[in-house]
Structures are given as C-alpha cells and as structure tokens.
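In: Next come a sequence and a model predicted from it.
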Amino acid sequence: MTTEGRRALIVEDYQAAAETFKELLEMLGHEADYVTQGADVEPALASKRYDVVFMDINLPDIPGLTLVNHLRERLPQQHMPSFVAFTGFAAADVVGADTIFDAYLEKPLDLPSLERVLQSLS
C-alpha cells in the first residue's frame, strides 16, 4: 500500500481536533472522514472501505482498546484497515496498545509524525 491516496477514518470525540486532523490528512493527499463516537465506527466501516483508522483511546462511550479488539473480531480479514492509536498519553502508559494497534501517534499531532506513521504502515 502506498502512502498516497489512502482513505482514513478518524475517531476523535473532540470535533475541532477531528476536523484539524482531517485537514492535515487531506493536505498530505489522503481522503479522510471522522466520527466523534465509538458507536459510529462500525457503521462507518460498513459504509466505506478505509485503509487506516486513527482511534482516540479515550472515547466517552467505549474505550478505544475495547473497540479495536471488537472490530478485529468482526471485520472480514480482507477488509481489515490498519489501526493507529491516537492519544495524549505516552505509548508506554497505554497497556496493551502495542499488541492491539498497528502504530501509535501522540497528541498534539504534527505533520512529520503523521507522515512517519503512514509510511510505517506501507
């Protein structure tokens, strides 16, 4: 998979942050959508095929770790997107994130880190 032209789903409960993240991805040449609740992720994935899902770990309705585990069990393997943890916590502080997520991105977001993560998923 190339780093250009990916479809990304952003799962972020803070709408302004989700919109900023979407704009950054689009600046890099990717298509991006966002949802603000964990409950909206599965319907979004059913309606469109995404290459990568950026998941906030601390969602108000369901923990991101729990949601990704659920999605990995339910989604068809051939349509499985990469899952990237997106949080203000350091990676070492998020127990289990290294085994559940394909990559990790810390807030606040910056373009070099975002590009690095996308390249690591190639």
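Out: The structure has been received and is ready for your questions.
In: Contacts for stretch 45-64, please.
Out: When contacts are defined by C-beta atoms under 8 Å, 6 or more residues apart in numbering, stretch 45-64 is touched by residues 1, 6-13, 21, 33, 37-39, 41, 44, 65, 67-68, 71, 75, 79, 81-87, 89, 94, 97, 101, 105, 118, 121. Heads up, the C-betas are built off the backbone N, CA and C, glycines and all.
In: which among these end up buried?
Out: In the contacts of stretch 45-64, burial by neighbour count holds for 6-12, 21, 38, 41, 65, 67-68, 71, 81-87, 94, 97, 101, 105, 118, 121, counting by 16 or more other C-beta atoms under 10 Å.
In: Phi, psi for Gln119 please.
Out: Gln119 adopts backbone torsions of phi -70, psi -30, taken as degrees, to the nearest 10.
In: Would you work out how far apart the start and end of stretch 37-54 are?
Out: 13 Å (C-alpha to C-alpha, to the nearest Å).
In: what distance separates that stretch from the centre of its chain?
Out: Its chain's C-alpha centre and that of stretch 37-54 lie 9 Å apart, by C-alpha atoms, centre = their mean, to the nearest Å.
In: And that stretch, what's buried?
Out: For stretch 37-54, burial by neighbour count (16+ other C-beta under 10 Å) applies to Gly38, Val41, Leu45, Tyr50, Asp51, Val52, Val53, Phe54.
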